[in-house]
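J.: I would like to see how this sequence folds:
(chains A and B)
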Amino acid sequence: ETGVTQSPTHLIKTRGQQVTLRCSSQSGHNTVSWYQQALGQGPQFIFQYYREEENGRGNFPPRFSGLQFPNYSSELNVNALELDDSALYLCASSLDGRQGEAFFGQGTRLTVV
Amino acid sequence: ELKVEQNPLFLSMQEGKNYTIYCNYSTTSDRLYWYRQDPGKSLESLFVLLSNGAVKQEGRLMASLDTKARLSTLHITAAVHDLSATYFCVVSRNDMRFGAGTRLTVKP
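T.: Numbering: from 1, shown residues only, chains lettered A, B, ... in the order given. So this is what the prediction gives:
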């Protein structure tokens, strides 16, 4: 167990809807990163938050947005869902930005129909 | 752009055999990780390699890093069924860049 928890574990949404995924960091970690893992592929970096500020972003459109709260928990919001957004969304927490070893949550399986 | 290439992508082994998974990356990096993922599960950190020549071992797995060649290897010794999983090489620079993964199946 890594101490990183994500909710919900599974979710089904309709194309065009909006979704919010949540992540609770491991105790003491101030950095959260989000990844999208399509079936059969490696995780793709979406963005990272460090002490409540965005600290890097991958090649994802602006309809993917996030927040980090003072307790270092985090949300990933996706607007205008598309079928290709169906994937496993992984949250990883670490200490001190990009230099820290990342510990992953169990993921949220999002299906867009 | 940082690219991470793993090979092979699929590996079927007999129990008791040895094999090596290779990870090549295209630019300098801060550190390199190996992660394991079981089907439908999250990612488990196996090794963190920080410097040239680093070698780490845990049980039947040994990872090494050659920063000059931009190459890391994950060596499996005397494979057992429990090692069946997907193994990812991850290179850290501005973000964590994952390889495509090596899907390992160990057969009796």
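
J.: Over in chain B, which residue gets nearest chain A? Let me know.
T.: Closest approach between chain B and chain A, counting by CB to the nearest CB: residue B:98, at 3.6 Å. All C-beta atoms are positioned from the backbone trio N, CA, C, and that covers glycine.

J.: pLDDT score assigned to that residue?
T.: Note for residue B:98: predicted pLDDT of 93.

J.: Let me see the contact set for the nearest residue to it once chain neighbours are set aside.
T.: Distance criterion CB to CB, 6 or more residues apart in numbering or on different chains; nearest residue to residue B:98, sequence neighbours excluded, is residue A:42 at 3.6 Å. Taking CB atoms under 8 Å, 6 or more residues apart in numbering or on different chains, we find residue A:42 in contact with B:88, B:98-101.

J.: now swap in residue B:77 and tell me
T.: Each residue near residue B:77 by CB under 8 Å, 6+ apart is listed here: B:18, B:60-62.

J.: same thing but 6 Å
T.: Residue B:77 makes contact with B:18, B:60 under the criterion CB atoms under 6 Å, 6 or more residues apart in numbering or on different chains.

J.: For it, give its distance to residue B:1.
T.: Plainly put, residue B:77 is 34 Å away from residue B:1 if you go by CB to CB, to the nearest Å.

J.: now swap in residue B:101 and tell me
T.: Residue B:101 sits 19 Å away from residue B:1, taking CB to CB as the criterion.

J.: So for the two, which residue has more residues nearby?
T.: Ranked by neighbour count (other CB atoms under 10 Å in any protein chain shown), residue B:101 and residue B:1 place residue B:101 first, with 23 against 6.

J.: Contact partners for that one?
T.: By CB under 6 Å, 6+ apart, the contact list for residue B:101 reads A:42, B:86, B:88.
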